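Visitor: Please find the sequence and the predicted model below.
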Amino acid sequence: MPKWLDQLASDVRGKVSKAPLPDDVNPMLATLTDNHFSHPDWLFERKLDGERCLAFHDGTSTRLYSRKPKSLDATYPDIRDPLATHERSFVVDGEIVAFEGKTTSFSRLQKRMQIKNEAEARQSGIKVYYYVFDLLYLDGYDITALPLRERKRLLEESLRFEAPLRYTQHRNETGEDYLKEACQKGWEGLIAKDAQAGYRKGRSKKWLKFKCVNQQEMVVVGYTDPEGERTGFGALLLGFYEGKQLHYAGRVGTGFDERELKDLHERLRALEQDEPPVVDAAKAKSKGVHWVEPTLVAEIGFTEWTDDNRLRHPRYLGLRDDKSPKDVIKEEPGART
DNA sequence: TTCCGACAGTGGGGTCGCAAT
DNA sequence: ATTGCGACCCCACTATCGGAA
């Protein structure tokens, strides 16, 4: 019996069972919530903007998998190497990230993500880090039923966190204060985790996403045709003013219920015009696009502006009748909680 | 009976590779 | 040479249905 198992408190030792190294990939996923809280039984980790990765190590060789699951061995050999030097068997869960300065950059990671050749990956010049946040299996034992605190303690003790491997630190209890700090630092948000809970496959409420929200008004400059069973329209085309010029800012296609799809579509149809109201209409693909007179203002939630001046992860929150389109400009966050 | 979790379907930005234009 | 499209990454959200509470 391994030493760590012998040292486990008697009330949790029964939750550990001998098992062969698992090979199924089905990671635990967090649920998004606006209900931010602090609680002594919860811990809070930085939410990293990268690619999810599970690593399976049998004591000799290591396999990396994405969430899908697809093998990531050829993409991140520089992550696999340091894991493969360990003598113990384990399964860990974490996030692979790339940095742009001090903050993680998903767009930078994407260039690395596409590489499917080891040699090419190694000389890509895009340095990546593996932030490990959970341990599911150790030395021949399935430990997914152990409380998270125990799993994280064992994780920190059991792996050598050097070079691109990093242990994901957490803060206890104070979720709200930590989120405030996180947003000021320009992080994407936090993951709140029930410290007593076991590791479960799939979406769970034992893990919650606290995101730093961005939202602002955008001018509605057009809409697209619906597809499939969709009623009304597909997405709204959005814009903002820079001086007297209206610029295209991408689309939003979610957040509407059936009624809003129908009502908004009727209003938009009445505003339709041939000429695009934006100066950079070429950025919007023309297929199925209808331009409208820019008189409506919508409140949009999103995570960040992309390099191409579009909204990332946009969702429609409602119309703003109190705001004049001319006052809609690109607001640089200032992320709020 | 009501509520919740899982799933399907529709929508977004971005990257890359490859086929059609 | 340019454009379009699918496959993966990251997602948000609505509607529905069956089982848990």
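Guide: On my side now, so go ahead. Computed from a predicted structure; not experimentally measured. Residues are numbered from 1 along each chain as shown, chains lettered A, B, ... in the order given.
Visitor: measure A:L83 to DNA strand C for me?
Guide: According to Cβ to the nearest atom of the strand, to the nearest Å, A:L83 stands 18 Å off from DNA strand C. For every residue, glycine as well, the C-beta is placed using N, CA and C.
Visitor: Please report how far that residue lies from A:K116.
Guide: 19 Å (Cβ to Cβ, to the nearest Å).
Visitor: Next: A:L72.
Guide: The value you get for A:L72 to A:K116, if Cβ to Cβ is used, is 10 Å.
Visitor: more crowded one of the two?
Guide: Comparing A:L72 with A:K116 by neighbour count (other Cβ atoms under 10 Å), the higher total belongs to A:L72, at 24 against 13.
Visitor: Looking at that one now. What's its pLDDT?
Guide: A:L72 is assigned 96 on the pLDDT scale.
Visitor: Setting aside sequence neighbours, what's the nearest residue to it?
Guide: Of all residues not flanking A:L72 in the chain, A:L64 sits nearest, at 4.0 Å (Cβ to Cβ, 6 or more residues apart in numbering).
Visitor: Check A:E150 too.
Guide: A:E150 sits nearest to A:V12 (Cβ to Cβ, 6+ apart), 6.2 Å away.
Visitor: which residues touch the one you found?
Guide: When contacts are counted by Cβ atoms under 8 Å, 6 or more residues apart in numbering, A:V12 touches A:146-147, A:150.
Visitor: Helix, strand, or coil at A:C183?
Guide: helix (DSSP: H, G, I helix; E, B strand; the rest coil).
Visitor: What about the closest residue to it other than its chain neighbours, how many residues nearby?
Guide: Distance criterion Cβ to Cβ, 6+ apart; nearest residue to A:C183, sequence neighbours excluded, is A:C212 at 3.7 Å. By the criterion of other Cβ under 10 Å, A:C212 has 22 neighbours.
Visitor: separation between A:C212 and A:G301?
Guide: 11 Å.
Visitor: Kindly state the pLDDT recorded for the residue of the stretch 1-150 of chain A found nearest DNA strand B?
Guide: Residue nearest to DNA strand B within the stretch 1-150 of chain A (Cβ to the nearest atom of the strand): A:Q114, separated by 3.4 Å. With respect to pLDDT, A:Q114 scores 93.
Visitor: show me where the stretch 201-337 of chain A has strands.
Guide: Ranges of strands in the stretch 201-337 of chain A, per DSSP state E, counting those that start in this stretch, are A:202-211, A:214-224, A:236-242, A:245-252, A:272-273, A:289-292, A:297-302, A:304-305, A:311-312, A:315-319.
Visitor: Now do the fifth one: everything it contacts.
Guide: When you say that, I think you mean strand A:272-273. So strand A:272-273 is contacted by A:290-293 (Cβ under 8 Å, 6+ apart).
Visitor: Those residues of the stretch 51-200 of chain A touching DNA strand C, which are they?
Guide: Proximity of the stretch 51-200 of chain A to DNA strand C (Cβ under 7 Å from any atom of the strand) is limited to residues A:51-52, A:66-68, A:70, A:72, A:106, A:110, A:113.
Visitor: hmm, try it at 10 Å
Guide: A:51-53, A:65-72, A:75, A:95-96, A:106-107, A:109-110, A:113-114, A:116, A:188-189, A:191 (Cβ under 10 Å from any atom of the strand).
Visitor: Please give the centre-to-centre distance between stretch A:166-180 and its chain.
Guide: 17 Å (Cα atoms, centre = their mean, to the nearest Å).
Visitor: typo on my end, stretch A:214-227
Guide: With Cα atoms, centre = their mean as the basis, the mean position of stretch A:214-227 lies at 22 Å from the chain mean.
Visitor: Equivalent analysis for stretch A:4-17, please.
Guide: Distance, centroid of stretch A:4-17 to centroid of chain: 33 Å (Cα atoms, centre = their mean).
Visitor: mind exporting it as PDB, just the C-alpha atoms?
Guide: The C-alpha trace of stretch A:4-17 is given here as PDB (Å, rounded to 0.1, in the frame of the first residue of the first chain):
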ATOM      1  CA  TRP A   4       0.000   8.400   0.900                       C
ATOM      2  CA  LEU A   5      -2.900   6.000   1.100                       C
ATOM      3  CA  ASP A   6      -1.800   4.700   4.500                       C
ATOM      4  CA  GLN A   7      -1.700   8.300   5.700                       C
ATOM      5  CA  LEU A   8      -5.200   9.200   4.500                       C
ATOM      6  CA  ALA A   9      -7.800   9.900   7.200                       C
ATOM      7  CA  SER A  10      -9.800   6.800   7.900                       C
ATOM      8  CA  ASP A  11     -13.100   8.400   6.800                       C
ATOM      9  CA  VAL A  12     -11.900   9.000   3.300                       C
ATOM     10  CA  ARG A  13      -9.600   6.000   2.800                       C
ATOM     11  CA  GLY A  14     -12.600   3.900   1.800                       C
ATOM     12  CA  LYS A  15     -13.300   6.200  -1.200                       C
ATOM     13  CA  VAL A  16     -10.000   5.100  -2.800                       C
ATOM     14  CA  SER A  17     -10.100   1.900  -4.900                       C
END
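Visitor: Report whether stretch A:178-190 contacts DNA strand B.
Guide: No: with Cβ under 10 Å from any atom of the strand as the criterion, DNA strand B is not reached by stretch A:178-190; the gap is at least 12.9 Å.
Visitor: hmm, who's touching that stretch?
Guide: A:36, A:44-49, A:103-104, A:171, A:175, A:209-212, A:303, A:335-337.
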